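Peer 1: I'll drop the sequence and a predicted model, then ask my questions.
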Amino acid sequence: MSTTRPYSPGDRGPEPSGASAASEGGASATGESEGTVPVAAVPTGHAAGRQVRRLSLDGQSGVVPLARDFTRQALYAWGWLPSATADQRAAAEDVLLVVSELVTNACLHAEGPDELWITCDRKVIRLEVSDRGTGQPAPRTPHRAGRPGGHGMFIVQRLCLDWGVIRTPGVAGKTVWAELGAPA
């Protein structure tokens, strides 16, 4: 686990400005939530099979199920679901659980999430949740398995290959990222 490194090993950092605006074919997709605020779901194709999706959560209600549904749709589009084996099903469920934990933490500790980014290549899926909070997420120590609450970042730490926080100098908020391995 790393909470100080801005990017995980082998990551080239955030996508260049505008990289999520369209897919390689020039098309983008936008979904509408039940309210009047548009929810941008922008699939983007990248070299070497890298796929990116973005969901705006700013001002939305019911953001945890919204984020889970959005992630589930991405997992179907990228072939993680439906699962052919128990290991593949477990990997997809782990991704959905980590999304739930990251978005819930932004709701509880950071005035709510702004965006969810999901990036997938052949080996790793990366989840990023941005918010306006100033706190530093960390697993609670000591971890008390029998007590309710406080397990979110412990779960993220246990399920993920790596996770951390990105802060941009002069900009309020942060992005909490986590990476999980693709199913075998």
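Peer 2: Noted; the coordinates are in hand. Numbers count the residues shown, from 1 in each chain.
Peer 1: Quick check: which element contains the residue nearest the centre of the chain?
Peer 2: Residue closest to the mean C-alpha point of the chain, counted by CA atoms, centre = their mean, is residue 127 at 2.5 Å. Remark: residue 127 resides in strand 124-131, with elements defined by DSSP states H and E.
Peer 1: For this protein, just list every one of the strands.
Peer 2: 30-32, 38-40, 44-45, 51-56, 113-120, 124-131, 162-166, 174-181 (DSSP state E).
Peer 1: other SSEs contacting the strand holding residue 127?
Peer 2: Counting contacts by 3 or more CB pairs under 8 Å, 6 or more residues apart in numbering; DSSP states H and E, strand 124-131 is packed against helix 86-109, strand 113-120, strand 174-181. The way it works is simple: take the backbone N, C-alpha and C, and place the C-beta from them, glycine included.
Peer 1: Looking at residue 77 now. What's its pLDDT?
Peer 2: Note on residue 77: pLDDT of 93.
Peer 1: Can you get me a residue count around it?
Peer 2: 13 (other CB atoms under 10 Å).
Peer 1: cool, residue 89 as well?
Peer 2: A count of nearby residues for residue 89, using other CB under 10 Å, gives 15.
Peer 1: which residue packs closest to it, ignoring adjacent ones?
Peer 2: Excluding the flanking residues, the one nearest residue 89 by CB to CB, 6 or more residues apart in numbering is residue 83, at 3.7 Å.
Peer 1: surely that neighbour meets residue 95?
Peer 2: No - with contact defined as CB atoms under 8 Å, residue 83 and residue 95 do not form a contacting pair (11.5 Å).
Peer 1: These two: which is more packed in?
Peer 2: Taking other CB under 10 Å, residue 83 and residue 95 do not tie; residue 95 has more neighbours (27 against 16).
Peer 1: Could you measure from the residue lying farthest from the centre of the chain over to residue 78?
Peer 2: Centroid-distance maximum for the chain: residue 146 at 27.1 Å, with CA atoms, centre = their mean. Note on residue 146: its distance to residue 78, by CB to CB, to the nearest Å, is 37 Å.
Peer 1: what about residue 166, how many neighbours?
Peer 2: For residue 166, the count of nearby residues is 16 (other CB under 10 Å).
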